[in-house]
Each structure stands twice: as structure tokens, then as C-alpha cells.
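[1] need a 3D model of the following:
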Amino acid sequence: MSSLKILGYTKDCRTNTSVVYAEILMNDYLSLVGTDFDKFEIQRKRVEPKKYARLKDDISKGALLPGITLAIDYLKVNMFLDSVESQDSETLQMTLNKSEDIYILDGLQRSYIIKDLVDEGIVFQKEQKILLEIWFEEKIEHLIYRLIVLNSGQKPMSMRHQVELLFMTLKRDIEKEIPGLEIYLEKEATIRNHSNKFPFDRIVNGYYSYITKSPEIERDNLVVKKMNEDDILSSKEEELNGSYSLFIKYLKFYTSIDIEFYRIYSNNNGDLSSFKNWLAEENTINAFFAALGKYATEDRKIKRVDTSLEKLYSELKESREGGNHDPFFLKHFKEIKGGIDSKKVNVGYGTRKLIMEGFREFFMNEGEESFLECWKSSAS
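    Purely as a prediction, here's the structure:
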């Protein structure tokens with residue numbers, strides 16, 4: 001029987017989120033959270049174990065760790081709420097012990113160390129415990145606010161990781177919202193063999209590019225990066241919710257366009273078939289959503305974007321297959337991209353800027369200009 005014991009109940013008064021404090025013996029911790037940590041911390045890399053050698057040694061000698069924060073899958077939270085609200089600790093402990101819907105919100109590296117020690121045959125001391133903080137959040141808007149804003153001021157996490165945690169929780173919801181969309185993980189070692197199939201980290205980076213209005217995930221200019229992120233962190237909950245809703249709206253557009261794009265380019269008779277996955281490339285995704293973030297800032301401009309994307313989708317839908325049909329003028333785009341002087345500018349940066357400005361031109365002109373003219377304008 002698990003040693004999990006509920007210690008107390010509280011609420012986050014800002015979001016009205018129920019929070020439970022608990023403790024569990026070190027020897028039982030892995031049975032509660034499982035050992036497949038990638039299931040919870042999607043795409044997050046493990047830190048080099050050598051950096052935690054001292055902590056590992058301390059744990060093996062019985063040290064009390066800082067508390068670990070867990071959360072319940074927001075789609076399954078309602079299964080726990082009756083017990084939480086009535087503070088029925090016995091029932092809650094039983095439900096948590098049987099649940100497979102617990103994920104690690106903060107404490108991944110400590111969990112890896114515990115697993116390493118278990119794998120090495122270490123038996124923890126009889127009374128050695130871990131303190132747990134368990135969040136029961138069922139509303140997406142509160143989750144967005146908490147992960148992006150509140151956590152950034154309390155925990156040493158980057159905003160990029162905040163966004164990653166958010167999408168870890170929303171992945172299934174996004175796939176449900178956009179039928180046919182397949183978001184796969186890097187560890188699955190899959191290949192993109194059809195449209196509407198995107199790596200998880202590129203969807204995350206697309207949203208990050210959208211809210212920061214920049215395609216540069218790793219910025220050399222840390223001051224500019226901080227200024228962009230500070231603008232977001234000062235946003236109100238309603239503004240963050242609105243930006244997320246718009247992102248999902250345009251992700252739907254993007255995936256619809258990708259279906260027709262993939263059909264046209266994969267059936268191209270020339271070398272243009274090599275572009276069939278262009279909309280799934282990181283540079284393209286980041287640049288497209290950064291262009292949206294920079295341009296679609298008011299109702300009038302959002303309407304222009306909608307008009308341009310609706311027009312683009314209709315034209316692609318009616319486009320023929322075969323031949324050398326190139327509605328995005330990617331052959332010319334490749335030539336223009338080849339003109340980037342690598343001695344003066346980083347090619348990756350130059351490519352993202354070229355694509356971003358090209359899409360922004362397309363939005364500004366409500367889709368009336370061809371992509372050839374947009375690429376030429378963005379390169380000038």
C-alpha cells in the first residue's frame with residue numbers, strides 16, 4: 001500500500017485553483033508518478049547528470065528534497081474534485097494512487113535522480129520522504145495564466161519552457177479542436193509522410209513566435225528578448241486568452257492550407273516536390289506566426305489576414321496537380337534566399353526574416369499580390 005498522505009488543502013486565490021499538500025516515502029514516489037517522465041515533460045531534455053552529482057549523493061544519504069510540484073491532467077480533474085472539495089483525504093489518496101493522469105510540473109531533474117538511484121539498487125531510508133504540491137486545475141484559461149505569468153515570477157524557468165508546459169497539457173485538446181491534425185514527439189522517430197503532421201516542438205515554437213512577434217526562438221540580443229517577454233508577462237489574463245484563441249484560429253487555417261499545399265507539391269512533376277514539407281519546416285512555421293503576431297494587432301488588420309488566408313485556401317483548393325505548378329513561387333523563393341550574403345548575415349536568420357516579411361506583405365495586400373511579389377518585396 002502506498003505511503004501517500006494528504007497534509008492539507010488550500011486554494012490559489014487568483015485562479016481559485018485547488019491545491020493539495022502531501023507527503024510520500026521516497027521508496028513509493030516512482031509508483032505514484034511512474035518512470036516514463038517524457039510522457040509528462042514532453043520534449044524537455046534531461047540535464048547532464050554530472051551537474052547533479054552532489055544532490056544525488058545527498059539524496060542517497062537521506063537528504064530532504066525541496067518539494068516537487070505535480071498536476072493532474074486538466075481533462076481528468078473533475079474525477080478528483082469531489083474528494084478535494086469535501087477534503088476526503090482517504091478517498092483522494094486512493095484515487096491518486098490509482099491514477100495515470102499525474103504529471104510533473106516542477107521537479108523533473110530530481111525525479112530522474114531518484115530513478116537513477118533506484119536503478120542502482122539504492123534503498124532509501126525508512127522515513128525518508130518527499131513533500132508534494134498537487135494542483136487540480138480544470139480551466140484552460142487559468143492554466144494559461146498560471147503557467148505563463150505566475151510561474152515565471154516564482155520559478156527559474158524560461159518563458160519558452162512555460163509555453164512548452166502549456167502545450168504539453170493542451171496537446172490532445174488542440175488535436176481534438178483541429179480534426180486530422182497529428183502532433184508527434186521527436187522521441188517517436190517518425191517521418192512526415194502526409195500533410196497535417198507536425199512535430200510538437202514546432203507547434204510550441206510557432207506559438208512562442210506568435211506571442212513574442214519574432215521568429216527568433218534563441219535570440220542573441222537578450223535585452224530585446226527580455227523586453228518582448230516582459231510585454232507578455234504584463235498582459236492581463238483576458239489578453240493572453242485572446243491571443244491563444246487567435247493562435248488556434250490561425251493554426252486551423254495553417255493546417256487547412258497545408259493539406260492543399262502538400263497535395264499540390266507532392267504531385268509536382270519537377271524538383272518542386274522537394275518543397276512538399278515546406279510548411280512544416282521550423283523556419284516557415286516560426287516566420288508565419290511571427291508575421292501574424294506583428295501584423296494582426298487590431299480588428300481591421302485581423303480582417304485583412306482572414307481575407308488573405310481564405311483567398312489563399314480557395315485558390316489552392318482549386319489548383320491542379322502535376323506539371324510544375326508552383327502557387328507559392330518557391331522556385332523563385334529559393335533563388336532569392338540564395339542571394340543572402342552569409343558573410344553579412346546569418347543565413348537562418350535571413351531566411352526567417354525573408355519568410356516573415358513575405359507573409360506580412362501577403363496579409364497587408366489581402367492576398368491580392370502573388371507570393372512572387374511578396375518575396376521580392378520582403379527581400380528589398
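
[2] tell me the mean pLDDT for the helix or strand encompassing Glu335?
    Assigned by DSSP states H and E, Glu335 belongs to helix 330-338. For helix 330-338, mean pLDDT is 92.

[3] got the domain boundaries for the chain?
    Listed by automatic domain parsing, the domain ranges of the chain are 5-138, 142-379.

[4] mean pLDDT for the ones you listed: which is lowest?
    For the domains of the chain, mean pLDDT drops lowest on domain 142-379, to a mean of 81.

[5] ok now it, how far from the chain's centre?
    Put simply, domain 142-379 sits 13 Å off its chain's centre (C-alpha atoms, centre = their mean, to the nearest Å).

[6] quick one on the thing from earlier: could the domains of the chain go into TSV alongside mean neighbour count?
    All C-beta atoms are positioned from the backbone trio N, CA, C, and that covers glycine. Output for the domains of the chain, formatted as TSV (neighbours: other C-beta atoms under 10 Å):
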stretch	mean neighbour count
domain 5-138	16
domain 142-379	17
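
[7] so where do the helices sit in the stretch 201-350 of the chain?
    222-233, 237-266, 282-295, 299-317, 330-338, 347-364 (DSSP state H, counting those that start in this stretch).

[8] ok, now how distant is Met356 from Phe136?
    Distance of Met356 to Phe136, computed by C-beta to C-beta, to the nearest Å: 40 Å.

[9] please apply the same query to Glu335.
    Computed as C-beta to C-beta, the Glu335 to Phe136 distance reads 55 Å.

[10] check Leu181 too.
    Applying C-beta to C-beta, the value for Leu181 to Phe136 is 28 Å.

[11] then Asp201?
    Asp201 is 28 Å from Phe136, where distance means C-beta to C-beta.

[12] also Glu357?
    Separation of Glu357 from Phe136 (C-beta to C-beta): 45 Å.

[13] give me the nearest residue to the spatially most distant residue from the centre of the chain, chain neighbours excluded.
    Distance from the C-alpha centroid of the chain, by C-alpha atoms, centre = their mean, peaks at Lys126 (39.4 Å). Excluding the flanking residues, the one nearest Lys126 by C-beta to C-beta, 6 or more residues apart in numbering is Leu25, at 8.0 Å.

[14] okay, and the beta partners of the one you found?
    Lys129 (DSSP bridges).

[15] how close does it sit to Gln93?
    Distance, Leu25 to Gln93, by C-beta to C-beta: 13 Å.

[16] cool, Tyr112 as well?
    Distance, Tyr112 to Gln93, using C-beta to C-beta: 25 Å.

[17] can you check Gly8 too?
    In terms of C-beta to C-beta, Gly8 sits 13 Å off from Gln93.

[18] so Tyr250 sits right up against Leu292, yeah?
    Yes - Tyr250 lies in contact with Leu292 (C-beta atoms under 8 Å); the separation is 5.6 Å.
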